[in-house]
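**Q** Quick one, structure for this:
(one chain, ligands or ions: 1)
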Amino acid sequence: MDGLSPRGGWIEVITGGMFSGKSEELIRRVRRAEIARQRTQIFKPAIDNRFDSKRIISRDNRGVDAIVARDSADLRSRLEFGVRVVGVDEVQFFDENIVDVTMELADAGVRVIVAGLDQDYLRRPFGPMPALLAVAEYVSKMHAICVRCGSPAHYTQRIAGGDSQIEVGDGSYEARCRMCYEPYRAPSDSHLDRIKTA
Ligand SMILES: [Zn+2]
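**A** Presented below is the predicted three-dimensional model:
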C-alpha cells in the first residue's frame, strides 16, 4: 500500500516469514514519507538486539534510526507531537496493547506501518499479529524463497536452538515452503544423555 488515501489515518501491516523483506519494505515506505517531508518515527522492541541496537538495518544494509521501546506503553510515551507516520518493526514482540496504540494513532490521523512475523517457528500466530491483521486497512503478505526447493516460502523453519518461542538470530532459521516445512524438535537433554551413554 503506497499511502494514497486522501485523508485521515490508517494501519498497514507488512507480514510474512523471516527473510521475506519485511524490514526493507518498512524502510522503503518510511523513506518515501520522509522525502515528502512528513514527520516520521520508527520504533522497535527492546528484545531485538541483532546488528545495531538503535538502527533498523535491512539485509541489503540500508538502515534507518529507530527508537527502542520496552513495551507498547513506552512506545506511546515517546511519540512526538505532529508525527504523521509511525513505523514499528518486529511488532510481533510487543504486548497485546500495541493493537490499541495503533488504533488510537490511526484514529488520530496518523499513518501506522507495522512489520512483523505472522507465525512463530511452529506456525502458531505470533503475539498481537492476528489482531493487527484484523484491524488493518492494508495487509501485505511477503514471501521468502524456500532454501530447499525454490518455491515461495511462507514459513520460518527453525534449524537450531531450543524450543522457546523467541530465539533471536538468523543462524537458527531458514525459509521453507509448505511442502518442505518440518516441525522442529529441540534436542532434549535426555536424548543427549542417551547419545553420551550409548
Ligand atoms: Zn520448498
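**Q** do you know how far D74 is from F43?
**A** 9 Å (Cβ to Cβ, to the nearest Å). No exception for glycine: its C-beta is placed from N, CA and C like everyone else's.
**Q** Hmm, I typed the wrong one, I wanted S72.
**A** In terms of Cβ to Cβ, S72 sits 10 Å off from F43.
**Q** got a pLDDT number for the residue positioned nearest the centre of the chain?
**A** By Cα atoms, centre = their mean, the mean C-alpha position of the chain lies nearest to G116, the distance being 1.9 Å. Listed pLDDT for G116 reads 98.
**Q** And for the nearest residue to S20 once chain neighbours are set aside, the neighbour number?
**A** Nearest non-adjacent residue to S20, counting by Cβ to Cβ, 6 or more residues apart in numbering: M142, 3.8 Å away. Neighbours of M142 under the rule other Cβ atoms under 10 Å: 19.
**Q** What of G171?
**A** So G171, with other Cβ under 10 Å, has 9 neighbours.
**Q** Quick one: distance of the helix ranked longest in the chain to the chain centre.
**A** Longest helix in the chain, counting residues (DSSP state H): helix 22-35. Averaging C-alpha positions (Cα atoms, centre = their mean, to the nearest Å) puts helix 22-35 14 Å from its chain's average.
**Q** For that helix, list the C-alpha coordinates in CSV.
**A** Extracted in CSV, the C-alpha atoms of helix 22-35 (Å, rounded to 0.1, in the frame of the first residue of the first chain):
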residue,chain,number,x,y,z
LYS,A,22,9.6,-7.0,5.7
SER,A,23,12.1,-4.6,7.1
GLU,A,24,13.2,-3.5,3.7
GLU,A,25,9.6,-2.7,2.8
LEU,A,26,9.0,-0.8,6.0
ILE,A,27,12.1,1.3,5.4
ARG,A,28,11.1,1.9,1.8
ARG,A,29,7.7,3.2,2.8
VAL,A,30,9.0,5.4,5.7
ARG,A,31,11.7,6.8,3.4
ARG,A,32,9.1,7.8,0.8
ALA,A,33,7.2,9.7,3.5
GLU,A,34,10.4,11.4,4.6
ILE,A,35,11.0,12.6,1.1
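**Q** Now do the same for it: mean pLDDT, whole number.
**A** Helix 22-35 comes out at a mean pLDDT of 95.
**Q** Stretch 77-90 now?
**A** 96.
**Q** Next, the buried residues of that stretch.
**A** 79, 85-90 (16 or more other Cβ atoms under 10 Å).
**Q** Tell me the secondary structure of the residue lying closest to R84 once chain neighbours are set aside, please.
**A** Counting by Cβ to Cβ, 6+ apart, R84 lies nearest to Q38, which is 4.1 Å off, once chain neighbours are set aside. Reduced to three states with DSSP: H, G, I helix; E, B strand; the rest coil, the structure at Q38 is coil.
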